[in-house]
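>>> Sequence first, predicted model second:
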Amino acid sequence: MTGLLLEASDLRVSYGDFEVIKGVDLHVEKGGALAIIGPNGAGKSTLFKALTGEIATRGGRVVFRGEDVTTLPADVRTIAGMGRTFQVSRVFLELTAIENVVVALESRDRAQGGRGRRWWRTAPEPAIVDEAKALLEQLKIAHLRNSVAAEISHGDRKRLELALALALEPVILMLDEPTAGMAPADRRQIVDLILDIRRDKGVAVVMTEHDMDVIFSIADQVLVLNYGEVIASGTVDEVRNSPAVREVYLGKDMYNAEG
Ligand SMILES: Nc1ncnc2c1ncn2[C@@H]1O[C@H](COP(=O)(O)OP(=O)(O)OP(=O)(O)O)[C@@H](O)[C@H]1O
């Protein structure tokens with residue numbers, strides 16, 4: 001699979017007069033995986049939110065699947081195929097795992113022009129329930145389907161969040177620190193899941209992440225930000241060997257740096 005999926009050019013974002021993203025260019029190929037890294041405060045989250053449409057840009061363009069989406073809100077980008085997970089989980093805590101996935105699948109159907117659940121029905125369509133079960137199975141949390149989301153572990157909730165993102169059939173998954181706050185064993189499992197999703201569904205990935213092992217396992221391209229500017233971009237090896245990157249991480253072990 002080749003071809004451009006997501007592209008940003010001369011992207012600029014400011015908080016008041018404080019320019020945080022200062023003319024960033026990036027691109028993601030179909031099925032590709034880009035990691036955005038950089039020291040704390042470099043602008044990673046801000047850039048990520050500008051790509052997903054959660055914050056407005058002051059300049060530049062974001063093009064997704066050939067369409068200029070620069071001024072389109074996040075929900076429209078989601079419907080267009082941009083799946084999203086958050087650093088802080090956004091599942092419905094009071095619903096069970098399967099109810100969460102059913103809600104996501106029903107909203108996908110509505111977005112695709114379906115009618116969603118008819119008003120007189122108290123239960124979802126059996127086909128939707130089957131699809132939800134299959135997704136939970138794929139994410140290896142089928143055994144938790146009747147557990148209330150508030151009561152499942154942090155790692156399993158991350159899996160559930162991935163299931164919700166996948167329910168919308170994205171062509172790209174935007175993952176904001178997908179392994180934040182996880183134990184090493186859980187991290188490895190999430191990495192394996194993301195690799196499976198990439199392989200099975202050909203979904204592209206953009207992620208911010210601090211853990212270099214996770215980055216090196218998943219990403220084929222890395223973009224390094226410092227003070228809102230790209231100081232290096234390329235393959236993992238190209239970035240590793242970049243003098244500018246070494247300078248930014250000077251005095252730190254880049255591969256274990258928290259930033
Ligand atoms: N809502 C906001 N209002 C004003 N300034 C902000 C806001 N959010 C972030 N900033 C500032 O913008 C800069 C970039 O922040 P951002 O969170 O994008 O960096 P980051 O690279 O994601 O950092 P971290 O690795 O710590 O998550 C920082 O100086 C931060 O203090």
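Cool, got the structure.

>>> Give me the neighbour count for V203.
Residues lying near V203 (other C-beta atoms under 10 Å) number 21. C-beta: built from backbone N, CA, C; applies to glycine.

>>> Check whether T96 really touches A150, as I assumed.
No. With contacts counted by C-beta atoms under 8 Å, T96 stays clear of A150, the gap being 10.0 Å.

>>> ok, the two, which is more surrounded?
T96 (18 against 11).

>>> Now do G81 against A111, distance only.
Going from G81 to A111 by C-beta to C-beta, to the nearest Å gives 11 Å.

>>> Confirm G60 sits in a strand?
Yes. Counting by DSSP: H, G, I helix; E, B strand; the rest coil, G60 is located in a strand.

>>> What is the distance between stretch 18-34 and the centre of its chain?
Remark: stretch 18-34 is offset 13 Å from the chain centroid, using C-alpha atoms, centre = their mean, to the nearest Å.

>>> For L11, list each beta-bridge partner.
V24 (DSSP bridges).

>>> One more: E7?
With DSSP bridges as the rule, E7 is bridged to H27, V63.

>>> This structure: strands as residue ranges?
Remark: strands assigned in the chain by DSSP state E are 4-15, 18-29, 33-37, 59-64, 67-68, 82-85, 172-176, 204-208, 221-226, 229-234.

>>> returning to what we had before: G81 and A111: which is more packed in?
G81 (18 against 15).

>>> Which pLDDT value belongs to that one?
Looking at G81, its pLDDT stands at 93.

>>> low pLDDT regions in the stretch 1-150 of the chain?
Within the stretch 1-150 of the chain, the segments meeting pLDDT under 70 span 1-2, 86-89, 114-122.

>>> Show me which residues of it are close to the ligand?
With C-beta under 6 Å from any ligand atom as the criterion, the stretch 1-150 of the chain comes near the ligand at residues Y15, V20, G38, N40, G41, A42, G43, K44, S45, T46.

>>> Excluding chain neighbours, what is closest to the last one?
To tie it back to what came earlier, the one meant is T46. V20 (4.8 Å; C-beta to C-beta, 6 or more residues apart in numbering).
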